[in-house]
Structures are given as C-alpha cells and as structure tokens.
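Asker: Just a sequence and a predicted model for now, questions to come.
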Amino acid sequence: MIRVESLTKKYGGFVAVDNLTFDVPSGKVTGFLGPNGSGKSTTMRCILGLDTPSSGSATLNGVHYSQLPSPMTQVGALLDGKAFHKGRSAYQHLRTVALTHGLPERRIWEVLELTGLTSVARKKTKKFSLGMSQRLGIATALLGDPEILLFDEPVNGLDPEGVLWVRSLMRSLAAEGRTVLVSSHLMSEMENTADNVVIIGRGKLIDQGPMEKFTHDSRNTAVVVAGPQVNDIENVLKGAGKQYHLLPADELHPFGSVKIIGTTCAEIGALLHKNNVEIHELISQNKSLEEIFMELTASSVQYVSGAQMYPPASFHAGQPVAVPQSPVLAPTVPAQEVTSHSAGAAVNGHMSSAATEENFISDVHNAGEEGK
C-alpha cells in the first residue's frame, strides 16, 4: 500500500502540498483527483522520491522509495508520456531500462505485446503519437512486474479503444492484489474505473473514500416523479417539507415533472400513494462524479474560464424552484432506459461514457468489416 502522512512540500514561499494525509490500499484502484495546480503531480513525485518533502512522509509498503532494494520490481510509474530518448526505438528504450535491473529479454516483448506496441517495437520514439507514447510509458511502468503502480493521466492522447483498454488494465491489476493510484481529469472515466477516490485542492485534502460515498450519498441522489396532476404532487411534497425542483414539460412528460433531492423512490412512492396521487413515472438519479467534483473543488480552482457551469443549487424546504434545462438538471430519462451506471446507463438524459465508447468502437469495427 501507499501511505501519505502529513505531507507538505514547499517551493520557496509557495506551498504545493499542504499537510496531506491519505492511504492507497492494495487490491483497489484509487483515483487521485484535483483541479490543475492542486498538487497531484507533486505528491506523486514525493512518493517516488523525485522531490523531497518539506515535512511529513510518503511510504510504499512502509518503506521510503529510496530505501527499496530493487525499485523497478516493486514500484512502476508513468509520470511523463514523453520521457524517452527520441533517437531510440521502443524496444531499445525498454531494453535499456530492463538492463538496469537484470530483467530478461522475454519480459520486454511481454509488455510490448500487452500494450499493443509489438508492431512498432523498432520504430523511433520521436515518431510516436501521444497515444503511442502513453502506451510505451505504461509498458515501462509494467516492465518489472511491480506490486505498486502510479499513473499520472494515463489516457491522455488515447483513442476510445485505448481508453477502454487502460480501464480494463487498471482493474485487472487491482484484481491481482496490486496497489494502483491513478490521477486523471476525466471524471467519467474515473467513475467507471476507480474503487476509491482522493480529492485535493490547493494542496489540501478535500475528501476521500469509496466511490459510493460520493455518487450514492443521499445528498447527491434525487428522485424524479411525473404524473397527470403535477400540482397534486407539489402539494404533497410541500406539505411534507421536501426540497424539490419543477422540471418543464417535454415530449416524454407533457405535464412536466418534479425532482426531489435527498430522498428515495420508496419514500416518495409511499408518500404519494398515501395521499392517493396518481403517478406515471418514479425513478432515482445520482449525480455524476464530475458534478460532485465540480461542487467540491469550486473554491479550489486556480484557473477559471468563462461562465460558471455548475452554479450552487438554491433549495428552500417546501418551495418549488423553476429551473431551465441544462447539463446539470437535464430532462429526466424514461424509466425503461434507466439501468445501472456501470452497464452504460443513461444518466440525466445522456449516455454514460462507457456506453458511448463501446458503441463507438462497435460502429468503427462494423464499418471496417463492411469495407472489406
């Protein structure tokens, strides 16, 4: 496991990491999240002994990186997807690294095959695209078959097939009992990949815990109900002191619908049934990790551009709030389309990234088959 304890890193008067503490357990994929400039890369560099902490510590299975007898066979890392000698081929790069730890020739070809680079093994790295460079960086991290792995933005430059491959790789590595720490700005990908999440901002810990703590917390869960008499639904909710939004009528909900925050379908269904209110739809919706992340880090963003996309919601108990259709409060999803998010569910009227990527890859494959 990785343990970061009271870690602080200063550069002159600038505090990059501020008294940061968290654990990365083995057998799990831990997502390391934060806005640009939040201290993620600096923390990883301290874990790997590339930067010396001003105070506190970062250990790997209880040992500092500098004390590891054979670092590459215990810890693998991808911090920079272009950290290669441009005049060397992928094979030459991996062979040079392998020689430092006496790793066999066969292991070089194993990681080349695993990362899909066998066909370009003799190609100079200066001709590699960003996606190919990322794959070579991952191959380098895996070369020593280490127990602990750190990846900084591993899906940068990868096409949808590559993103799915990285997701599968991370989860398979964790399933083998390895410790996997992954930083990324792609919240949808982290939601599909990570078991645990550590969120930091301006060098400080904001929150951490299992993914379900964030995406299935009652504060991040809403129930949408629709029926022929929306006014009756409103009156019951108002009488019960519930916080809710009125959603405008659309093709699927000609009478409009109501979104209730911090409750369950069972509670709302029982409440409306008790008051003899007819309903045609009752579904549960969870906020995406991206929405939750934006809310948690709103005060920690250093580089703000354009209009605020995720304004804080203003709720008043028992009072309706009319809201426009937006990426955050989009029209509800037909009940028949709502399945588990991990299976590629439609959330807030949009397909999840997992479903989108898989459909895209399927379409590309089918098009290729038809063109043969």
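Answerer: Sure thing, it's come through.
Asker: Could you report the pLDDT at the residue of the chain most remote from its centre?
Answerer: Going by C-alpha atoms, centre = their mean, the residue of the chain most distant from its centre is residue 276, 42.3 Å out. Model confidence at residue 276, given as pLDDT, is 96.
Asker: That one and residue 236: what is the separation?
Answerer: 10 Å (C-beta to C-beta, to the nearest Å). Placement of C-beta: from N, CA and C, glycine included.
Asker: For the stretch 151-300 of the chain, which segments count as helices?
Answerer: Secondary structure of the stretch 151-300 of the chain (DSSP state H, counting those that start in this stretch): helices located at 160-175, 187-193, 211-215, 230-239, 265-274, 289-296.
Asker: Select the helix or strand of this protein having the lowest average pLDDT value.
Answerer: strand 346-347 (a mean of 30; mean pLDDT, DSSP states H and E).
Asker: Skipping adjacent residues, who's closest to residue 257 in space?
Answerer: Distances taken as C-beta to C-beta, 6 or more residues apart in numbering put residue 226 closest to residue 257, at 3.8 Å, once the chain neighbours are dropped.
Asker: what is that neighbour paired to in the beta sheet?
Answerer: residue 281 (DSSP bridges).
Asker: Do I have it right that it meets residue 280?
Answerer: Yes - under the criterion of C-beta atoms under 8 Å, residue 226 makes contact with residue 280 at 5.5 Å.
Asker: of the two, who's got more company?
Answerer: Ranked by neighbour count (other C-beta atoms under 10 Å), residue 226 and residue 280 place residue 226 first, with 22 against 12.
Asker: and that one, what does it touch?
Answerer: Contacts for residue 226 (C-beta atoms under 8 Å, 6 or more residues apart in numbering) come out as 253, 255-258, 279-281, 332.
Asker: tell me which of those is nearest to residue 38?
Answerer: Of all these, residue 332 has the smallest distance to residue 38: 33.7 Å, by C-beta to C-beta.
Asker: I'd assumed residue 35 was in a strand, is it?
Answerer: No - using DSSP: H, G, I helix; E, B strand; the rest coil, the assignment for residue 35 is coil, not a strand.
Asker: What distance do you get for residue 219 to residue 240?
Answerer: For residue 219, the distance to residue 240 - C-beta to C-beta - is 18 Å.
Asker: Who has more neighbours out of these two?
Answerer: Applying other C-beta under 10 Å to residue 219 and residue 240 shows that residue 240 carries more neighbours, namely 18 against 11.
Asker: Please report the distance of that one from residue 268.
Answerer: Separation of residue 240 from residue 268 (C-beta to C-beta): 9 Å.
Asker: show me the contacts for residue 71.
Answerer: When contacts are counted by C-beta under 8 Å, 6+ apart, residue 71 touches residue 65.
Asker: Start at 784, not 1
Answerer: Got it, first residue is 784 now, which makes that one residue 854.
Asker: separation between it and residue 889?
Answerer: Distance of residue 854 to residue 889, given as C-beta to C-beta: 21 Å.
Asker: what's the answer for residue 1069, then?
Answerer: Distance check for residue 1069 against residue 889: by C-beta to C-beta, it reads 46 Å.
Asker: Give me the more crowded residue out of these two.
Answerer: Shown here are residue 1069 and residue 889; by other C-beta under 10 Å, residue 1069 has more neighbours (19 against 7).
Asker: Quickly note the distance from the more buried one to residue 974.
Answerer: Distance, residue 1069 to residue 974, using C-beta to C-beta: 10 Å.
Asker: Show me the domain layout of this protein.
Answerer: 785-997, 1000-1085+1095-1120, 1122-1155 (automatic domain parsing).
Asker: The closest residue to residue 806 other than its chain neighbours sits in which helix or strand?
Answerer: Nearest non-adjacent residue to residue 806, counting by C-beta to C-beta, 6+ apart: residue 786, 5.3 Å away. Counting by DSSP states H and E, the element that carries residue 786 is strand 785-794.
Asker: Summarise which helices and strands that strand is packed against.
Answerer: Applying 3 or more C-beta pairs under 8 Å, 6 or more residues apart in numbering; DSSP states H and E, one finds that strand 785-794 makes contact with strand 797-807, helix 823-830, strand 838-843.
Asker: so which of these gets nearest residue 879?
Answerer: Among these, helix 823-830 sits nearest to residue 879 (C-beta to C-beta), with 22.1 Å.
Asker: What about residue 895, how many residues nearby?
Answerer: By other C-beta under 10 Å, the residues close to residue 895 number 21.
Asker: Does it touch residue 873 like I think?
Answerer: Yes - the pair residue 895 / residue 873 is scored as a contact, 6.8 Å apart, by C-beta under 8 Å.
Asker: Mean neighbour count and mean pLDDT added to the helices and strands packed on strand 785-794, as TSV?
Answerer: As requested, the helices and strands packed on strand 785-794 are exported to TSV (neighbours: other C-beta atoms under 10 Å; pLDDT from 0 to 100):
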stretch	mean neighbour count	mean pLDDT
strand 797-807	18	97
helix 823-830	23	97
strand 838-843	17	97
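Asker: possible to save the ones you listed as JSON lines with distance to residue 945?
Answerer: Listed next are the helices and strands packed on strand 785-794 as JSON lines, based on distance: least, C-beta to C-beta, whole Å:
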{"stretch": "strand 797-807", "distance to residue 945": "24"}
{"stretch": "helix 823-830", "distance to residue 945": "22"}
{"stretch": "strand 838-843", "distance to residue 945": "28"}
